[in-house]
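J.: got a sequence here, can you model it:
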Amino acid sequence: MHDLAIVIVNYNTRDLLRACLSSIYQSQGDLSYKVHVVDNCSTDGSAEVVRREFPQVDGVTQCESNCGYPAANNIGFRAAGLGQSSSGSEPRYALMLNADTALPPDALQQMVDFMDAHPQAGVAGPKLVRPDGTLDKACRRSFPSPEVSFYRLAGLSRIFPKNQRFARYNLDYLDVDEIAEIDAVVGAFMIIRGDTLRDIGLLDESFFMYGEDLDLCYRAKQKGWKVYYYPAVTVLHHKGESSKQRSYHSIYHFYRSMYVFHRKHYWQSTLFLLNWLITLGIVTLGGWALLRNVFRPSGRRRVASA
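T.: Coordinates of the predicted model:
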């Protein structure tokens, strides 16, 4: 049994993937890990670069089509021996890691040590920062319940960023350097206990991209596992480098994931009329976001951002 299986899903981010793998193999500490790269039908030669420059990678899978982020991660998890049944040889932890991240040398050791010290932690994530040094706010979130989502969409979280009621979506009222038990961390760097994956299952492939990380954390918490934000580790995240290549596709799936998540977790407990108002709101916001993108210059088109 090894300590950690690292699964990296890549889509046309060859150079960032190279930097990500280099940072992994410069890791320090006394832990064993295996790396599995799943290439989601890239056209930039990513898989060939991995095989040529990183022969120590334990597995490279090339998908014949872009099957989506959760499905591709599940391919890597299964290749690592992770799932619902235990064979005794699977890793103690899994790490979902984006190809557009770069790790400090002690990141893997510190995250594993944190999980070892917190046996009820099913999922944890570090502080993620953008290249300009700002916090990637998606690294610590509350679940997007109808109430929490309303406060964000109505702009109340922006107006009252330190209010514990209105700013729950991105938990802006918390100190960025404070360890906290939260609802969810982002899939760009998400360490998951192997026992948790056996308890709740792998990622839900009804999400194509976005939302699958929230869903996994939601299911983990339903089973009694805890989710932690651990800012003692800081990871660089070049956010959106893959999705910006297909900006319309990204926006569509961002808003679609909102609907899928609400339908799965809140539909039954929400009033009929409110469900349809929420659905109408998602469709309207998604359509408006797509329309605005049409009129932006190609170099300034945006991708969805949690």
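J.: tell me the secondary structure at Glu64.
T.: At Glu64 the chain is in coil, as set by DSSP: H, G, I helix; E, B strand; the rest coil.
J.: tell me who's in contact with it.
T.: Shown in contact with Glu64 (CB atoms under 8 Å, 6 or more residues apart in numbering): Cys41. For the C-beta atoms, the positions are set from N, CA and C on the backbone; glycine is no exception.
J.: avg pLDDT for the helix or strand harbouring Leu273?
T.: Taking DSSP states H and E as the definition, one finds Leu273 inside helix 272-294. Mean per-residue pLDDT for helix 272-294: 86.
J.: list the buried residues for it?
T.: 275, 278, 281-282, 286, 289, 293 (16 or more other CB atoms under 10 Å).
J.: who's Leu128 bridged to?
T.: As for beta bridges, Leu128 partners with Val235 under DSSP bridges.
J.: do I have it right that it meets His237?
T.: Yes. The criterion here is CB atoms under 8 Å, and Leu128 meets it with His237 at 4.4 Å.
J.: need the overlap of contacts for those two.
T.: Common contacts of Leu128 and His237 (CB under 8 Å, 6+ apart): 101, 136, 188-189.
J.: keep only those of the residues you listed that are in strands.
T.: 101, 189 (DSSP state E).
J.: got the shared contacts of Leu128 and His237 as CSV, with pLDDT and distance to Gln222 columns?
T.: Converted to CSV, these look like this (pLDDT from 0 to 100; distance: CB to CB, whole Å):
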residue, pLDDT, distance to Gln222
Thr101, 97, 28
Asp136, 96, 26
Ala188, 97, 23
Phe189, 98, 23
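J.: just name the closest of the shared contacts of Leu128 and His237 to Asp30, please.
T.: Checking the shared contacts of Leu128 and His237 against Asp30 by CB to CB gives Phe189 as the nearest, at 20.7 Å.
J.: burial count for that closest one?
T.: Neighbour count of Phe189, defined by other CB atoms under 10 Å: 24.
J.: same question, Asp30
T.: 8.
J.: quick check: it touching Gln109?
T.: Yes. Counting by CB under 8 Å, Asp30 does reach Gln109; the two are 7.2 Å apart.
J.: where do the strands of the stretch 201-306 of the chain begin and end?
T.: For the stretch 201-306 of the chain, applying DSSP state E, counting those that start in this stretch gives strands covering 226-237.
J.: tell me where the model's unsure across it.
T.: Flagging of the stretch 201-306 of the chain using pLDDT under 70 yields the residue ranges 240-246, 295-306.
J.: and if we set it to 80?
T.: Within the stretch 201-306 of the chain, the segments meeting pLDDT under 80 span 239-249, 290, 293-306.
J.: what's the pLDDT at the residue nearest the centre of the chain?
T.: Geometric centre of the chain, nearest residue: Gly187, 1.3 Å, by CA atoms, centre = their mean. In this prediction, Gly187 carries a pLDDT score of 96.
J.: quick check: the closest residue to it other than its chain neighbours vs Ser42, distance?
T.: Once flanking residues are discounted, Gly187 sits nearest to Asp213: 3.6 Å by CB to CB, 6 or more residues apart in numbering. Asp213 is 22 Å from Ser42, where distance means CB to CB, to the nearest Å.
J.: which one of those two has more residues nearby?
T.: Neighbour count, other CB under 10 Å: between Asp213 and Ser42, Asp213 has more, with 26 against 21.
J.: contacting residues around the more buried one?
T.: 96, 184-187, 190.
J.: make it 7 Å
T.: With contact set as CB atoms under 7 Å, 6 or more residues apart in numbering, Asp213 has these partners: 184, 186-187, 190.
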